[in-house]
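A.B. asks: take this sequence and fold it.
(chains A, B, C, D, E and F)
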Protein chains: 6
Amino acid sequence: MRETLVIFGVLLLAVSISTAQQTRLENLHNKTILLFTPHPDDDVFGAGGTIVLLNRNHNRVHIAVYTNDDKGSYDPEMTSQRLAQIRKAEQEASEGLLGTAKENISWMGYDDGMLEYAPQPKLTEEATAIIRRIRPDVLLSVAPGEWFERWHKTDHRMAAFNTIDAVRAAEFWLYFPNQKLQQGLEPYKVPEMYFFYPSPQEANYFVNIDEVAELKFEAAARQVSQFEPAVNKYRPDWTAEDLKKAKDEMRHEQPKKDGHYVEAFRYATGFNQF
Amino acid sequence: MRETLVIFGVLLLAVSISTAQQTRLENLHNKTILLFTPHPDDDVFGAGGTIVLLNRNHNRVHIAVYTNDDKGSYDPEMTSQRLAQIRKAEQEASEGLLGTAKENISWMGYDDGMLEYAPQPKLTEEATAIIRRIRPDVLLSVAPGEWFERWHKTDHRMAAFNTIDAVRAAEFWLYFPNQKLQQGLEPYKVPEMYFFYPSPQEANYFVNIDEVAELKFEAAARQVSQFEPAVNKYRPDWTAEDLKKAKDEMRHEQPKKDGHYVEAFRYATGFNQF
Amino acid sequence: MRETLVIFGVLLLAVSISTAQQTRLENLHNKTILLFTPHPDDDVFGAGGTIVLLNRNHNRVHIAVYTNDDKGSYDPEMTSQRLAQIRKAEQEASEGLLGTAKENISWMGYDDGMLEYAPQPKLTEEATAIIRRIRPDVLLSVAPGEWFERWHKTDHRMAAFNTIDAVRAAEFWLYFPNQKLQQGLEPYKVPEMYFFYPSPQEANYFVNIDEVAELKFEAAARQVSQFEPAVNKYRPDWTAEDLKKAKDEMRHEQPKKDGHYVEAFRYATGFNQF
Amino acid sequence: MRETLVIFGVLLLAVSISTAQQTRLENLHNKTILLFTPHPDDDVFGAGGTIVLLNRNHNRVHIAVYTNDDKGSYDPEMTSQRLAQIRKAEQEASEGLLGTAKENISWMGYDDGMLEYAPQPKLTEEATAIIRRIRPDVLLSVAPGEWFERWHKTDHRMAAFNTIDAVRAAEFWLYFPNQKLQQGLEPYKVPEMYFFYPSPQEANYFVNIDEVAELKFEAAARQVSQFEPAVNKYRPDWTAEDLKKAKDEMRHEQPKKDGHYVEAFRYATGFNQF
Amino acid sequence: MRETLVIFGVLLLAVSISTAQQTRLENLHNKTILLFTPHPDDDVFGAGGTIVLLNRNHNRVHIAVYTNDDKGSYDPEMTSQRLAQIRKAEQEASEGLLGTAKENISWMGYDDGMLEYAPQPKLTEEATAIIRRIRPDVLLSVAPGEWFERWHKTDHRMAAFNTIDAVRAAEFWLYFPNQKLQQGLEPYKVPEMYFFYPSPQEANYFVNIDEVAELKFEAAARQVSQFEPAVNKYRPDWTAEDLKKAKDEMRHEQPKKDGHYVEAFRYATGFNQF
Amino acid sequence: MRETLVIFGVLLLAVSISTAQQTRLENLHNKTILLFTPHPDDDVFGAGGTIVLLNRNHNRVHIAVYTNDDKGSYDPEMTSQRLAQIRKAEQEASEGLLGTAKENISWMGYDDGMLEYAPQPKLTEEATAIIRRIRPDVLLSVAPGEWFERWHKTDHRMAAFNTIDAVRAAEFWLYFPNQKLQQGLEPYKVPEMYFFYPSPQEANYFVNIDEVAELKFEAAARQVSQFEPAVNKYRPDWTAEDLKKAKDEMRHEQPKKDGHYVEAFRYATGFNQF
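C.D. replies: Below you'll find the predicted structure:
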């Protein structure tokens, strides 16, 4: 298969940013961006500042959400259907603050914590269709890596692997050919990819988000049910005190580089290149 | 999902022992310990000395054994049912020497070498139920890691991943809610975990087993069928000479640190922290 | 299970070539060699020079090809059945140049890009039968490793893992016992393994292919449909110019060590040793 | 396999009650009875009167419930976890009226409408373990038949087939041998079986329930959430009027034979005989 | 589960047309009709005349096609992608003649002969979404029955079962709740169903198609690739002679009742009633 | 798909022997016969007399055995590997008496009672390859039918369905096209089929086996382990008394018609015709 041509000479390559990158991510204008997120909030936590910058630059940002996040509550009164409903509303509010319209969020409809067990390659087929329909200039996704391998078997790992599998499949029309034959979806080659949640040794691209960090924290805080105290006993709002505490933690935990708030990514071009 | 809050700031964290650890593993008293082992012997080989120390300190040690180990013999006369029977008896004898009662060993009933193909998420559901029922203060399991990824795809990898998946699931009642609704099993958050068989670069915790090393080797030797000559042509006992040779090898191979016999672990708290 | 005996002392072992290796790969004579390749061409790209040397030394080289490679074309007129047919002919021509007879190539019959979803453990059972039938002195396969984990989820990863799973299974007759009971296939222990496409930090064995590099490039060029321009718009032959360009790239990309063309491998003995 | 011996002469057999039946079902005393039901209520609707008679005769009646029945409500405010909780309580109340103790109900923990997709043969293994543990003199289950085949693909069909598969498996210890080797469960041959919900042409056994019919209807009415109005808008209790209406319908719909209320069954001995 | 209420009294019911049917199928006006077909042509062969009548009466006819029919050719030059393309065009031409617009045909995208192996319950989920979106007054589908059970395991049986499973699931929002929570699809209860291809003993409804029979045969003939000679050696058109022969056969084989061309159905209301 | 053409007119067809049958089964000479059997003995019990007649007429009889029959013993000392070995030898002895050479028996290698769970469509692919390779003039298999549906879910049902699925697939090269592209197996249309173990109402063909009945009983008796007393406590041979008793039962149970021993079949041509 075609990919082998590149592997051929891989032995001596270092992991570095290819010189192919023309324009820095945060400087793109009027492009189509597609971000895949395992849960409705990983997009915000992992790349929220970058999303603000992209939206401000009049890019068309689309968010594809793999799961409904219907299990992550310690509240004994919570039920899955209720939590899914809450999570959808929180995600729309949160992305709304980042400038992404509700209509641009597509929900893939899988249950939280069960993505690993979703039927394959059906899951790949669905992500492939999204890529072939949106035809993004840049794709963002969660990083598949050793660290996730170990700690995030479910959902995060599956979302990471499935998305790059879909990137490869999208390129060749003979993968899932009914998408072309029946739906009119043409093959599409994703030119650039940025992976959020990279492991430290693999991060090779950093976006300075100083300017929009507070907005990001505010947006993250709209995911109310994921924070204390709502994660323990659901309430739809914040006390001023709880909100302050949550944001202070975010400020503390947000990665910094050379004294600036940054979001870290692994940059890659093509599914088989560095 | 909740875990993302921690990932949020993960970029700059180093792999080190958290300060949260209050009491060293070998000093625990009157606690509940749950160890998951892929086969009936990995518990002994990987953590046998530590198990002795835990039992001596009046902890309640429970062993959950994923598979029946019914394939690992070179004896052409051996059959799977017979080997499973032998392995169970050997494991009970071996753990018995370490101080663990037969009643504390639960057998999960999977066939050797086939754990990778066990139905998922059913397997996770079963391990989750064990955790929610035993409610351990400390959980031990085989380390999921790059090294195992490659060499131990079957059984070891699956046992490693499945156990941490179950640790996560056990925490939220909406995972496998029938366990609460029908069996009365409440969610449970595992506070501390130690992973045996760590890769060298990830071992961050060492238990000095000088004092009990010979007992460990004796216990390991009760897994007769796994050693030469019984692995080639089954016999239930040892000649003095064979036993001596086996133990000498164990003494040679047992990891040492600063001149002491040690058992190495990767220590972790929570399923998503270092 | 038996393998644990080795793991037992693994903590302090370094990743180095075992002293067990008696004869260098390229110096073997009159041996049986079995190479598993995910697609019909990875054998050539990854180990083509070595295959020439092995064939010249009168070894019996067998190639087992997992997939039919029926998807990797950008030609909108291409169909999967047609591409599979082309790929088979190209592989036979390519391996033929390396000295391997058409009869020694066995086709496992899986579709390109779908190996990850092949039924397990059926796939392992099939590879196990091949090993037990061929009984190779040396086995070559694609390296399972962190790098492949991430970039090559489908096919490459599955072929890598499945082959080593089969190596382990082949050793114990109680894995897939019907192979012995019904087909008369006896268990077999593979003594030595070489993995091509290793990640840089794991390559521990290099074959000097200076002498046969041009033949390798010529053989690789027989995989016409995988190169430009045929990958974009199929044609069965080369213009002189295109061929020259392709070979120049190969010369450029072929790994070199101390000024020599080399093929890199990770060498291992047994499925659980370095 | 052994069953073929019986099939051997099957061609000319008519579908009739075997003469092997010694004692009529409703006259059994001090026996162990095991009933498998797809949902918590099919036992009551299909065999409630018979269960009363069996309990009155001091038989030990055990109920194994495949699913949690967490989907069958038209109430838009209902959630699955809440409905599962309601259904469990209703089932305990309903069976309690029939004389079956709460402790004798075992919940197999599958989700409503999803039994068809439960992992096989794991599901069979679980039912087999229940049979080998309870060791029933008589087993009752939902009838597998053409009618159910068509109208009740999910749950009912799977419960029907799975139970008779488990009856066969329970008989030979080499099915799921870990149950014997690890749990000490010996093989068990079910002597007699009665299938409720038979298709009309296959019913061959009728229990007169005149005497306990009103008690059955009262017990059925405890499955409140399954009747109007609670099925549309949940309420835990009945108005007198609604209850009267529901019971009148039950009286009307309860099968009758020769002027008597009856419960119909297909009687069978062994898994492969009429 | 709710359905049991009806089963409750089923023993004495005969298989007959319910009196609930208000308006004969062929007399409906301005209704929404949804037909599920396993392959692109079963709709035409099984209910083509009825479809014409429904379209003439200004009903909104929607066709959901499970598979792409990409295997049923004896032409050795044919490939699957090419056949799928041909079959789509033929189906659009064929249904077009019956009065159904191309936009009303939805293609579910499964491969011919592989529907049985499609992931379940994903397949049910997809059909459920179609029902909840179209919200048909009448649903037509292929009859699940003993005859199909035996002769048409693949595709036909799966399409038949899956569609009635979806009818049941569509009714309760807790089946596939993400469809409501994320896509806004409300539950929907299908009031009437007609099954084409019934077994003779189960047909209980006949539509007189005398008036449109020739149009039906002409439409069927647009499925050129499915008839001789094109099924043996593809050609896109008919010779006059071949066409005449094909139509004569259709005239001969079209079921007749009391001297009239009819299409036979099994009529049913609800998923669990006659 | 093509089959629909036949279904088209099925409504009024009766279940009767087609006039297409040229030569009675027992009168065939020099033909190739392929029989699929779920277990090693169903061939003998269901069609043993017919097999003798076919062998005497110099037909080439091939037997494909789905499973190894490794579970059907009540002997607590028996193990699966030992039983599989016994069953293979018994089958070879039994078929040998009927005149079938050991080399003509192919073992498909599935475990007893687990055929239902074999990966699909892989199982169909394997049976398809056998048909395409053997290219039988007549195929015999176990009858798929309502009766088997209910009582023989596992193995028998799966073998029945899988074989007719394979008959259909074998006909069109686009099913499992790698069989042609890689193995050179051309599509093949099975002209005639006979199904043994038919349900009484579906048997439409009877072979008089008076002349060879005793030989059949003798051959059946070579399946020693399936009869009492060996099924309870294994012994490889018969006492004269036990053997007499077993044969007397066979004589009693062997179907008879008009005073003659017969073997009953359902005859069919093509996979979709009566």
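
A.B. asks: how close does the residue in the stretch 51-200 of chain A positioned nearest to chain E get to chain D?
C.D. replies: Nearest residue of the stretch 51-200 of chain A to chain E: residue A:119, at 3.1 Å (Cβ to the nearest Cβ). C-betas here are computed from N, CA, C, even on glycine. According to Cβ to the nearest Cβ, to the nearest Å, residue A:119 stands 10 Å off from chain D.

A.B. asks: check residue A:185 too.
C.D. replies: 29 Å.

A.B. asks: what do you get for residue A:39?
C.D. replies: Distance, residue A:39 to chain D, using Cβ to the nearest Cβ: 20 Å.

A.B. asks: secondary structure class for that residue?
C.D. replies: coil (DSSP: H, G, I helix; E, B strand; the rest coil).

A.B. asks: ok, the residue of the stretch 51-200 of chain A closest to chain E - how many residues close by?
C.D. replies: 15 (other Cβ atoms under 10 Å in any protein chain shown).

A.B. asks: next up, the contacts around it.
C.D. replies: By Cβ atoms under 8 Å, 6 or more residues apart in numbering or on different chains, the contact list for residue A:119 reads E:119, E:122.

A.B. asks: next one: the one 5 residues further on
C.D. replies: With Cβ under 8 Å, 6+ apart as the criterion, the residues that contact residue A:124 are A:162, A:165-166, A:169.

A.B. asks: same thing with residue A:228?
C.D. replies: A:242, A:246.

A.B. asks: related to what we said a few turns ago, quick check: phi and psi at the residue of the stretch 51-200 of chain A closest to chain E.
C.D. replies: As for residue A:119, its main-chain torsions (degrees, to the nearest 10) stand at phi -60, psi 130.

A.B. asks: distance of the closest residue to residue A:90 other than its chain neighbours from residue A:47?
C.D. replies: Using Cβ to Cβ, 6 or more residues apart in numbering or on different chains and skipping the chain neighbours, the partner closest in space to residue A:90 is residue A:223 (4.9 Å). Applying Cβ to Cβ, to the nearest Å, the value for residue A:223 to residue A:47 is 14 Å.

A.B. asks: and what of residue A:268?
C.D. replies: Counting by Cβ to Cβ - residue A:268 and residue A:47 are separated by 15 Å.

A.B. asks: strands of the stretch 101-250 of chain A, start to end?
C.D. replies: A:105-110, A:138-142, A:192-196, A:205-208 (DSSP state E, counting those that start in this stretch).

A.B. asks: for residue D:136, which of those is the nearest?
C.D. replies: Residue D:136 lies closest to strand A:105-110 among the strands of the stretch 101-250 of chain A, at 40.3 Å (Cβ to Cβ).

A.B. asks: around residue A:232, how many other residues sit close by?
C.D. replies: Residue A:232: 12 neighbours (other Cβ under 10 Å).

A.B. asks: how about the most centrally placed residue in chain A: what's its closest non-neighbour residue?
C.D. replies: By Cα atoms, centre = their mean, chain A has its centre lying nearest to residue A:37, at 3.5 Å. Spatially, and ignoring its direct neighbours in sequence, residue A:37 is nearest to residue A:43 (4.0 Å; Cβ to Cβ, 6+ apart).

A.B. asks: coming back round to it: tell me the one among the contacts of residue A:124 nearest to residue D:83.
C.D. replies: residue A:162 (31.8 Å).

A.B. asks: the stretch 51-200 of chain A against chain E: which residues are in contact?
C.D. replies: A:68, A:80-81, A:84-85, A:88, A:107, A:109-111, A:119, A:122, A:174, A:177-179, A:181-183 (Cβ under 8 Å from any Cβ of the partner chain).

A.B. asks: out of these, which are buried?
C.D. replies: A:68, A:80-81, A:84-85, A:88, A:107, A:109-111, A:174, A:177-179, A:181-182 (16 or more other Cβ atoms under 10 Å in any protein chain shown).

A.B. asks: which parts of chain A are helices?
C.D. replies: A:4-7, A:42-56, A:80-98, A:122-134, A:146-151, A:158-171, A:178-181, A:213-221, A:240-253 (DSSP state H).
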